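# Here is a sequence with its predicted model. Questions after.
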Amino acid sequence: MSLAISSPDSLTLPVERGRSQATSTAFTWKSAITAILLFSVFYIAEHEFAVSITIQSLGAADFEDTELDETVSEGSLLRKIAFPILGLWGVILLATPVKPLTRWDTVLLNPVLYFMLGLIGLAAASVLWADVAGFAMKRVMVVMFGTMAGLGLARGHSIRQLTDILIVVILSYILFGIFAEISVGMFRPWMSEYRFSGTTHPNNQAVMNGILILACLSRVMTDPKVNYWLILIAVFTFGIMILTKSRTVLFGCLIAMAVLMALRTPWQVIFGSGFLAATALTGFLCFVALAGMDIADDVFEIFTLGRSDETSTLTGRIPLWEELFKDINQRPVLGHGYGSFWTPERTLRISLNQGWQIPHAHSGYVETLLNLGYFGLLMLLGTMFTAVALSLYLSLARGQLGDLFGLGVFIYSLVFSLTDTAFAAPTLPALVLITLLWSLVFTFSNSADSRSTTQPEAITA
């Protein structure tokens, strides 16, 4: 059969028809169990009802993940069994896949698979040379449980079901977080120093918000009918993201959104909009110059979301990275072992050296260098850039929900991981990432079949 590739200059998307498509989009009992498990497991691991009291009193920069761990220490037993339960659920989902594999040969030839398995295998093997083997072993076990959970989610749910689950779970976190802040008297968005945290650190909240926005945007761009509820949820979530004042996360989300929208917009519209925007900006700057107005400080304040302090050092990150590279250069090839660098002694030493509490590298890439060295960073970048390339190809070739959502999350994670470690830790965003990577491996293996069984259908994007 001939392969029809929709032009990116047209607002047409291939829509699968038939009974199998209907059953794969239904919110089933499996979806409900998955949503409950995800909400519960990651609430236990990352959240605390009254955490905003400390966030607003100390400031987010002085309240880090180690303190959050202490605030939920009474739930340590639940935390120990939460990830094994999630991994077990992944195994159960593997036994009930939504779609059988038809092309195992393309699975075995997919470069994403080998980069990803290489990264996971390197993390597991790092126990052999880790500074603290016990630390590494515990964290590797969490990685394995997360890998099984992501594999199960990718095979046991369609992307449509996965986006439904994520919308329900993350929106629940946001609404529960607002309720928690109101309950303890800390919901004060009118204050200049306020950062919305809800029940977790503002940066963690912002990362989840970005995933929810990309899920809604991908759905709106691929659903046959415009879903105004999804648009409303995305706008509301974007507003909450701004309140977190997490700058790199926000910019990463904007870049991912721009890429997705550019894929579905004719180049003439992009060029015309860019020309009009440039003309309007030039006119505005000329007016400001002729009027003798000085708005540089105000513009800079808006650009930095009201956090212009220490911008030149990325809020203390650049001096931190300079200090950490001394440790990286001690073991540059394979690192200090997965999860074993941040011992209590090193955490105390580096925190005292920098003058603020530091529980991690504040960069997914620097954290990877500490854990697995330059070889691990090579595996990580190979995984992500190959995933972006394949997702971009599929987005241009067929533009299905999984292609766009995966591409958005991959770009999003690449950008904001420059200054955050959410995708390098056992978090909900990290599980979403590994699920989409597995989904890309399996979906790409069926991509020829999917394209040959779909027909272009014009929709309103």
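Done, it's in.
# Which pLDDT value belongs to residue 121?
Looking at residue 121, its pLDDT stands at 94.
# Equivalent analysis for residue 26, please.
67.
# likewise residue 191?
Model confidence at residue 191, expressed as pLDDT, equals 85.
# likewise residue 1?
You'll see residue 1 listed with a pLDDT of 39.
# was I right about residue 443 contacting residue 401?
No. Here residue 443 lies out of contact with residue 401, judged by C-beta atoms under 8 Å, at a distance of 10.4 Å. (Glycine included, C-beta is placed from N, CA and C.)
# Please enumerate the shared neighbours of those two.
residue 159 (C-beta atoms under 8 Å, 6 or more residues apart in numbering).
# pLDDT below threshold where in this protein?
1-27, 54-77, 101-106, 266-316, 444-461 (pLDDT under 70).
# do that again at 50, thanks
1-23, 63-75, 288, 295-304, 312, 448-461 (pLDDT under 50).
# hey, which helix is longest across it?
What stands out as the longest helix in the chain, according to DSSP state H, is helix 364-397.
# Quick one: name whatever helix or strand follows it.
Reading on from helix 364-397 to the C-terminus, the next helix or strand found by DSSP states H and E is helix 401-416.
# Convert the C-alpha atoms of that following helix to PDB, please.
Taking Å, rounded to 0.1, in the frame of the first residue of the first chain, the C-alpha atoms of helix 401-416 are listed here in PDB:
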ATOM      1  CA  LEU A 401      -1.500  12.200  19.500                       C
ATOM      2  CA  GLY A 402       1.400  10.200  20.800                       C
ATOM      3  CA  ASP A 403       3.800  11.700  18.200                       C
ATOM      4  CA  LEU A 404       3.000  15.300  19.200                       C
ATOM      5  CA  PHE A 405       2.800  14.600  23.000                       C
ATOM      6  CA  GLY A 406       6.000  12.700  23.000                       C
ATOM      7  CA  LEU A 407       7.800  15.300  20.900                       C
ATOM      8  CA  GLY A 408       6.600  18.100  23.200                       C
ATOM      9  CA  VAL A 409       7.700  16.300  26.400                       C
ATOM     10  CA  PHE A 410      11.100  15.300  25.000                       C
ATOM     11  CA  ILE A 411      11.900  18.900  24.000                       C
ATOM     12  CA  TYR A 412      10.500  20.200  27.300                       C
ATOM     13  CA  SER A 413      12.700  17.900  29.300                       C
ATOM     14  CA  LEU A 414      15.800  18.700  27.200                       C
ATOM     15  CA  VAL A 415      15.400  22.500  27.900                       C
ATOM     16  CA  PHE A 416      14.500  22.700  31.500                       C
END
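# name the helices or strands packed onto that helix?
On a contact count with 3 or more C-beta pairs under 8 Å, 6 or more residues apart in numbering; DSSP states H and E, helix 401-416 meets helix 159-183, helix 202-222, helix 247-263, helix 364-397, helix 428-445.
# Figure out which of those helices is closest to residue 416.
Smallest distance to residue 416 across the helices and strands packed on helix 401-416 (C-beta to C-beta): 3.5 Å, for helix 247-263.
# List of residues touching the closest one?
Counting by C-beta under 8 Å, 6+ apart, 8, 203, 206-207, 209-210, 213-214, 217-218, 221, 241-242, 270, 304-305, 307, 395-396, 399, 404, 407-409, 411-416, 418-420 sit against helix 247-263.
# now that helix, how far from the centre of its chain.
12 Å (C-alpha atoms, centre = their mean, to the nearest Å).
# In it, which residues are buried?
For helix 247-263, the neighbour count (16 or more other C-beta atoms under 10 Å) marks 247-250, 252-257, 259-260, 263 as buried.
# now do stretch 175-185
176, 177, 178, 180, 181.
# which residues sit in contact with the fourth one?
This means residue 180. Neighbours of residue 180 in contact, by C-beta under 8 Å, 6+ apart: 49, 50, 52, 198, 199.
# from the buried residues of helix 247-263, which single one is nearest residue 380?
residue 252 (16.3 Å).
# who are the neighbours in contact with the most centrally placed residue in the chain?
Centroid check for the chain by C-alpha atoms, centre = their mean gives residue 429 as the closest residue, at 4.4 Å. Listed by C-beta under 8 Å, 6+ apart, the contact partners of residue 429 are 207, 208, 211, 413, 422, 423.
# How about residue 112?
383, 386, 387, 390, 437, 440, 441, 444.
# next one: phi and psi at it?
Here is the backbone geometry of residue 112 (degrees, to the nearest 10): phi -60, psi -40.
# how close does it sit to residue 47?
To residue 47, residue 112 is 31 Å away according to C-beta to C-beta, to the nearest Å.
# Same question for residue 217.
Noted for residue 217: a distance of 25 Å to residue 47, by C-beta to C-beta.
# Let me know how buried residue 264 is, in neighbour terms.
18 (other C-beta atoms under 10 Å).
# ditto for residue 220
17.
# who's in contact with it?
Residue 220 makes contacts with 226, 227, 230, 231, 234, 461, as judged by C-beta under 8 Å, 6+ apart.
# which residues touch the third one?
Contact partners of residue 230, counting by C-beta under 8 Å, 6+ apart, are 167, 216, 219, 220, 223.
# Apart from its neighbours in sequence, what residue is nearest the second one?
With C-beta to C-beta, 6 or more residues apart in numbering as the criterion, residue 216 has its nearest non-adjacent residue at 3.9 Å, and that residue is residue 234.
# Enumerate every residue touching the one you found.
Per C-beta under 8 Å, 6+ apart, neighbours of residue 234: 212, 213, 216, 217, 220.
# again, 10 Å this time
167, 209, 212, 213, 214, 215, 216, 217, 219, 220, 257 (C-beta atoms under 10 Å, 6 or more residues apart in numbering).
# is it fair to say it lies in a strand?
No. Under the criterion used here (DSSP: H, G, I helix; E, B strand; the rest coil), residue 234 is helix, not part of a strand.
# gap between it and residue 187?
Taking C-beta to C-beta, one finds residue 234 at 21 Å from residue 187.
# one step back: neighbour-wise, which one of the contacts of residue 230 leads?
Counting by other C-beta under 10 Å, top hit in those: residue 216 with 26 neighbours.
# my read: that one touches residue 231, true?
Yes. The criterion here is C-beta atoms under 10 Å, and residue 216 meets it with residue 231 at 7.2 Å.
# Please name the nearest non-neighbouring residue to residue 86.
residue 149 (4.6 Å).
# Before I go, just wanted to say thanks for your time.
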